[in-house]
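Student: sequence first, then the predicted structure, then my questions.
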Protein chains: 2
Amino acid sequence: MQVLWLYAHPDPRSLNGALRDEGIAVLREHGHEVVESDLYAMGWDPVVGHGDFQHDPAERLDVLTESQHALETGTLSPDIRREQEKLLWSDTVIVQFPLWWFGMPAILKGWFDRLFVQGFAQGVLDPRTGRAQRYGSGGLVGRRAMVLTTVGANAATTGPRGIHGDINDTLFPLLHGTLWYPGMTVVPPLVVNGAVKLSDEEYKAAVGRLRERLLTLPETEPLAFRSQNGGDYDEHLVLRPERAAGEEGLRIHYRTDDAEEQCERTGGDEEAER
Amino acid sequence: MQVLWLYAHPDPRSLNGALRDEGIAVLREHGHEVVESDLYAMGWDPVVGHGDFQHDPAERLDVLTESQHALETGTLSPDIRREQEKLLWSDTVIVQFPLWWFGMPAILKGWFDRLFVQGFAQGVLDPRTGRAQRYGSGGLVGRRAMVLTTVGANAATTGPRGIHGDINDTLFPLLHGTLWYPGMTVVPPLVVNGAVKLSDEEYKAAVGRLRERLLTLPETEPLAFRSQNGGDYDEHLVLRPERAAGEEGLRIHYRTDDAEEQCERTGGDEEAER
């Protein structure tokens, strides 16, 4: 694998730092290449602004237009271009962070805000149809992504009926809306709960799970997100009535094992499997 | 009302800038006080780090412990304290941003990351029980919050069966996990879809909706999130089996109109209504 390891914690001596070290070590031991983006160590600037696009602050900034223009003319700010190149080099991306207020730390959110510009991760048009590619096709197809996150709360409270909401739903904007959107294949997240105070035994267990997940990553069954062009959504990009009939909520955006649905889809999902 | 208007867009000449101007003007016309945090104009630093807590970078940083210590000794960094004071002064908070990658721009996410420290918005203990207060009680009780967000995608695609996921679920980590968690009352978000290119008519309609929402804010029915101490969750903070029986997903964390549930709850929800 050619792995980009994205890491966002202010202190390398933290639980996150230790997991990062273990994870990178096991990958290298097994012959994989790893490039790291340690956002705090890099002093990464997470704030989208005029400077990203060599744009005149005296002029109104239309982020989509300016970002696409800068991408196409090679004038995106050098820190953005360096990170985009690392991402394009990779076939595997690990996104590691402590869950803060049910999302990524700002420094990491701003990595996506600044890199994922129009024409790169969104607004990538299908040359045949002229339609924007999304969810299963797009600018970052051919890469696998895994989220690794530490959570202070215990597993029951971030479980299917836990007070904080199911962690898979909490992470949906990242897993589905940010990684799957531009075409990356997304495997289930690795969540380390109770992270405020892990016992030695719990820490060892977490490291064991991490090693196992990393070494089996290429074969891991991805999250079964529906693809834009797989036939599940209508021409307005609304889920067809016969899919997850009568249901609402985030879970309708996962394919089901329903035999009829499987059968109907055969042949229509080629683009997503590409 | 005493309104704190949080605003996160890089350009005041944007749709967001126009909506912000209209919103603040209508509030002032009607005699309300408005204090603004225009994060881009302020050059707000969204990155949690040693400097927040006057912490020695040579020492390991435990964010929860250090942030609480700095809060209690009045040594949080001055920019954080100024913003906390604005928040504590307010009885109403507007959180305005363009939706970027299905979440807040980094500069705004980092406002919450840096302000909502241990002892202020989390880890606020109930003196009677010694238990952490959350979801309906906590450090920010007595305030109403409304999210105002612009979304490029059209309303169907962010609706209940739209490809992007229901916008209310996308915003759950903010509405429930960030605003409701420390005890704020949260009203339904105001979402302006199709924001990449609004016609004059659509813009006028959006301004009309905004004015109406702002002027009726004190009487608006809040989102019916369940409270931690209202009797719906068991002692492990897992939803009791008889609530939303057999269901999963984010929607189980809203109270229902089920008569039995209403009846059982009477008398147990005092703390949340405080």
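Tutor: Ah, there it is. Numbers count the residues shown, from 1 in each chain, chains lettered A, B, ... in the order given.
Student: for the residue nearest to the spatial centre of chain A, what are its contacts?
Tutor: Against the mean C-alpha coordinate of chain A, by CA atoms, centre = their mean, the closest residue is residue A:179 at 3.3 Å. Residue A:179 makes contact with A:93, A:95, A:145, A:147, A:186, according to CB atoms under 8 Å, 6 or more residues apart in numbering or on different chains. Where you see a C-beta, it was placed from the backbone N, CA and C, and this is true even at glycine.
Student: any low-confidence regions in chain A?
Tutor: A:258-274 (pLDDT under 70).
Student: can you list the domain ranges for it.
Tutor: A:2-223, A:226-274 (automatic domain parsing).
Student: a markdown table for those, including distance to residue B:101?
Tutor: Below are those laid out as a markdown table (distance: least, CB to CB, whole Å):
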| stretch | distance to residue B:101 |
| --- | --- |
| domain A:2-223 | 5 |
| domain A:226-274 | 16 |
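Student: what's the most buried one of those?
Tutor: domain A:2-223 (a mean of 19; mean count of other CB atoms under 10 Å in any protein chain shown).
Student: what about that domain, start to end distance?
Tutor: 21 Å (CA to CA, to the nearest Å).
Student: also stretch A:87-102?
Tutor: End residues of stretch A:87-102 are separated by 25 Å (CA to CA).
Student: that stretch: how far from the chain's middle?
Tutor: Relative to the centre of its chain, stretch A:87-102 is centred 6 Å away, using CA atoms, centre = their mean, to the nearest Å.
Student: is chain B contacted by that stretch?
Tutor: Yes - Stretch A:87-102 reaches chain B (CB under 8 Å from any CB of the partner chain) through A:100, A:101, A:102.
Student: where's the first one relative to residue A:46, distance?
Tutor: Distance, residue A:100 to residue A:46, by CB to CB, to the nearest Å: 13 Å.
Student: now do the second one
Tutor: Taken as CB to CB, the spacing of residue A:101 relative to residue A:46 amounts to 15 Å.
Student: does the closest residue to residue A:23 other than its chain neighbours lie in a helix or a strand, and which?
Tutor: Excluding the flanking residues, the one nearest residue A:23 by CB to CB, 6 or more residues apart in numbering or on different chains is residue A:210, at 5.4 Å. Assigned by DSSP states H and E, residue A:210 belongs to helix A:200-215.
Student: which neighbouring elements make contact with that helix?
Tutor: Applying 3 or more CB pairs under 8 Å, 6 or more residues apart in numbering or on different chains; DSSP states H and E, one finds that helix A:200-215 contacts helix A:15-29, strand A:190-192.
Student: could these go into TSV alongside distance to residue A:173?
Tutor: Formatted as TSV, the helices and strands packed on helix A:200-215 follow (distance: least, CB to CB, whole Å):
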stretch	distance to residue A:173
helix A:15-29	21
strand A:190-192	16
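Student: so residue A:95, which of the three states?
Tutor: On the three-state scheme (DSSP: H, G, I helix; E, B strand; the rest coil), residue A:95 is labelled strand.
Student: wait, it sits on residue A:148?
Tutor: Yes - if you go by CB atoms under 8 Å, residue A:95 and residue A:148 touch, sitting 7.0 Å apart.
Student: could you find the closest non-adjacent residue to residue A:149?
Tutor: Using CB to CB, 6+ apart and skipping residues adjacent in sequence, the residue nearest residue A:149 is residue A:99, 5.0 Å away.
Student: show me the contacts for the one you found.
Tutor: A:149, A:150, A:151, A:152, A:170.
Student: can I get the residues you listed in a markdown table with secondary structure and distance to residue A:200?
Tutor: Shown next, in a markdown table, are the contacts of residue A:99 (DSSP: H, G, I helix; E, B strand; the rest coil; distance: CB to CB, whole Å):
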| residue | secondary structure | distance to residue A:200 |
| --- | --- | --- |
| A:149 | strand | 21 |
| A:150 | strand | 16 |
| A:151 | coil | 19 |
| A:152 | coil | 18 |
| A:170 | helix | 28 |
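Student: closest one of those residues to residue A:63?
Tutor: Among the contacts of residue A:99, residue A:170 lies closest to residue A:63 (CB to CB), at 26.2 Å.
Student: state the distance from the closest one to chain B.
Tutor: 6 Å (CB to the nearest CB, to the nearest Å).
Student: so how far is residue A:90 from that residue?
Tutor: 25 Å.
Student: one step back: ok, the contacts of residue A:99 vs chain B, which is closest?
Tutor: Nearest to chain B out of the contacts of residue A:99 is residue A:170 (CB to the nearest CB; 5.5 Å).
Student: ok, so what distance separates that closest one from residue B:148?
Tutor: 22 Å.
Student: quote the end-to-end distance of stretch A:70-89.
Tutor: Its start and end residues considered, stretch A:70-89 measures 20 Å (CA to CA).
Student: please disregard the earlier target; I meant stretch A:92-104.
Tutor: Start and end residues of stretch A:92-104 are separated by 19 Å (CA to CA).
Student: so how far is the first residue of stretch A:38-45 from its last?
Tutor: So stretch A:38-45: terminal residues 12 Å apart, CA to CA.
Student: hmm, who's touching it?
Tutor: A:6-12, A:20, A:37, A:46, A:79, A:107-108, A:110-111, A:114, B:47, B:49.
Student: again, but for stretch A:234-248
Tutor: Applying CB under 8 Å, 6+ apart, the external contacts of stretch A:234-248 come out as A:226, A:228, A:231-233, A:251-253, A:256, A:261, B:156-157, B:159-164, B:166, B:251.
Student: mind running it again at 6 Å?
Tutor: With CB atoms under 6 Å, 6 or more residues apart in numbering or on different chains as the test, stretch A:234-248 has contacts from A:232, A:233, A:252, B:156, B:157, B:160, B:161, B:162, B:163.
Student: now swap in stretch A:73-82 and tell me
Tutor: A:51, A:52, A:54, A:70, A:114, A:115.
Student: ok, 8 Å please
Tutor: By CB under 8 Å, 6+ apart, stretch A:73-82 touches A:44-45, A:51-54, A:67, A:69-70, A:84, A:114-115, A:117.
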